[in-house]
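1. Okay, sequence plus prediction incoming.
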Amino acid sequence: MPRASRLSFAIAIAFAVAAIHGRPPLASAHDGPGAHTHEASTAKAGREMAAAARNLWASLTPEQKSKIGFEFKDALRHDWHFVPRPRKGLPLKEMTGGQKALGQALLASGLSQSGFIKAETIVSLEQILADLEQGKGPVRDPELYFFNLFGDPNSGDSQEPWGWRFEGHHLALNFTIVGDQGVAGGPTFMGTNPAEVRSGPREGLRVLGEEEELARKLVKSLDDAQRKKAIVQEVAPGDILSLAARKAEPIHPAGILTPELNAEQKELLNSIVVLYAERLRPELAGDDLGKILKAGVDKVGFAWAGGLERGLPHYYRIQGPTFLIEYDNTQNNANHVHSVWRDFADDFGEDLLKKHYETATAAHGHAK
């Protein structure tokens with residue numbers, strides 16, 4: 001049983017935040033022995049990302065730098081997607097073995113251990129998909145995943161915003177960093193095709209299997225009255241409804257709200273939310289869970305569409321005032337998953353950047 005499922009929804013989130021930060025969510029950090037440093041809980045994450053990005057940058061040739069590097073305000077930073085399409089950036093295919101290792105270090109700086117494993121396994125599915133399709137579909141290549149750097153992690157101004165992305169088919173990981181003021185992760189998309197590998201040496205592999213099974217267990221635990229609220233459509237939509245929108249908006253109806261669930265159902269719902277949040281490194285997951293707690297867990301809803309049995313096309317979403325989770329498994333005979341975490345206010349660091357620019361001084365070159 002997941003650790004969070006042993007507690008009520010609100011208590012489990014508070015526990016997760018406390019466990020991750022080792023202190024109340026809004027407390028200042030104590031950065032090792034010696035004097036206290038009053039900084040955002042994600043400041044350490046920002047420093048580690050910057051170090052990893054600098055190491056990668058230093059290893060690149062001038063031509064590679066021209067492909068990976070963009071101005072922070074470049075429109076490409078918001079132009080994300082999860083389909084196989086032409087992309088700008090530096091692909092794994094054009095990196096040396098050493099450079100790929102440094103790229104993996106950057107990727108690991110933004111993800112939890114479980115999130116990193118999922119991301120790398122999703123990349124590996126491209127070879128399985130290529131073998132299945134035998135050249136009949138789009139180009140499938142586990143080396144067609146791209147790094148982008150936006151802005152300058154080398155900047156002497158520790159508060160100058162910068163960001164990075166790792167993206168390809170079924171994977172889009174976006175991060176925005178503002179010095180020691182904070183780090184925002186999102187949109188965060190993970191998908192799998194096939195959702196379940198059904199033949200060959202990796203038969204039975206389900207990278208996002210837990211995301212599916214926990215939600216199915218929750219919807220099947222509902223009684224008739226609860227299902228009338230939770231099941232919003234008999235037929236599942238063909239994809240997540242937020243797609244690759246620049247900004248996600250709440251989706252209606254919200255489904256069944258947390259107060260209408262019994263204790264076991266609340267624990268299941270919490271387990272799903274924590275599972276998605278913990279794709280990112282602990283400090284970022286803790287911030288996301290803290291936002292949910294502050295906004296009110298009673299406002300979180302669960303909605304399902306499609307069949308209840310495994311193998312049938314299905315979809316679900318979980319949303320509250322601050323966030324949206326969507327999961328869809330309808331394509332390729334319900335063996336093709338899309339899943340995403342969106343932050344209504346802070347995707348691409350919008351809320352973080354707003355606070356930064358509001359408090360910036362003329363020395364930063366920003367208007368207050």
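-> Thanks, I have the structure now.
2. Strands of the protein, start to end?
-> With strands called from DSSP state E, the chain shows them at 69-70, 90-91, 146-150, 161-168, 171-178, 182-192, 231-233, 256-257, 301-306, 314-319, 323-329, 337-343.
3. List the neighbouring strands of the fifth one plus their orientation.
-> Just to be clear, that refers to strand 171-178. strand 161-168 (antiparallel), strand 182-192 (antiparallel) (DSSP bridges).
4. What's the mean pLDDT across the last one?
-> In this model, strand 182-192 has a mean pLDDT of 97.
5. can you check stretch 204-214 too?
-> Mean predicted lDDT for stretch 204-214 stands at 98.
6. just for the protein, where's the confidence low?
-> Residues of the chain that meet the criterion pLDDT under 70 lie in 1-39, 155-158, 361-368.
7. surely Ala303 meets Ile325?
-> No - the pair Ala303 / Ile325 is not scored as a contact, 10.4 Å apart, by Cβ atoms under 8 Å. Heads up, the C-betas are built off the backbone N, CA and C, glycines and all.
8. What residues sit buried inside the top helix by length along the chain?
-> If you go by DSSP state H, the chain has its longest helix at helix 113-133. For helix 113-133, a neighbour-count test (16 or more other Cβ atoms under 10 Å) marks 115-116, 118-120, 122-123, 125-126, 128-130, 132 as buried.
9. Likewise for stretch 90-106?
-> Buried, per 16+ other Cβ under 10 Å, within stretch 90-106: Leu90, Pro91, Leu92, Glu94, Met95, Gln99, Lys100, Leu102, Gly103, Gln104, Leu106.
10. Now do the same contact list for the last one.
-> This means Leu106. Each residue near Leu106 by Cβ atoms under 8 Å, 6 or more residues apart in numbering is listed here: Met49, Ala52, Ala53, Asn55, Leu56, Phe147, Trp164, Phe166.
11. let's go with 6 Å and repeat that
-> Ala52, Ala53, Leu56 (Cβ atoms under 6 Å, 6 or more residues apart in numbering).
12. So which of the residues you listed wins on neighbours?
-> If you count neighbours using other Cβ atoms under 10 Å, the busiest of these is Ala53, which has 27 neighbours.
13. Would you confirm that that one contacts Pro153?
-> Yes - in this structure, Ala53 is within contact of Pro153 by Cβ atoms under 6 Å, at 4.1 Å.
14. Ala345 versus the closest residue to Thr322 other than its chain neighbours, what's the distance?
-> Nearest non-adjacent residue to Thr322, counting by Cβ to Cβ, 6 or more residues apart in numbering: Lys291, 4.5 Å away. From Lys291 across to Ala345, the span is 9 Å (Cβ to Cβ, to the nearest Å).
15. quick one: which of these two has more around it?
-> Set Lys291 next to Ala345 and count neighbours by other Cβ under 10 Å: Lys291 wins out with 22 against 15.
16. hey, where'd the helices end up in the protein?
-> Counting by DSSP H, one finds helices in the chain at the ranges 9-21, 43-58, 62-68, 97-110, 113-133, 209-221, 224-230, 263-277, 282-295, 331-334, 350-359.
17. Including distance to Gly186, could those helices go into CSV?
-> Converted to CSV, those look like this (distance: least, Cβ to Cβ, whole Å):
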stretch, distance to Gly186
helix 9-21, 17
helix 43-58, 14
helix 62-68, 21
helix 97-110, 11
helix 113-133, 13
helix 209-221, 17
helix 224-230, 26
helix 263-277, 11
helix 282-295, 8
helix 331-334, 24
helix 350-359, 10
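18. For Glu160, which of those helices is the nearest?
-> helix 350-359 (9.5 Å; Cβ to Cβ).
19. which outside residues touch that closest one?
-> Here helix 350-359 has contacts from Val178, Gln181, Gly182, Ala184, Ala345, His366, using Cβ under 6 Å, 6+ apart.
20. For those residues, work out which two are farthest apart.
-> Comparing all pairs in the contacts of helix 350-359 by Cβ to Cβ, the longest separation belongs to Ala345 and His366, at 19.7 Å.
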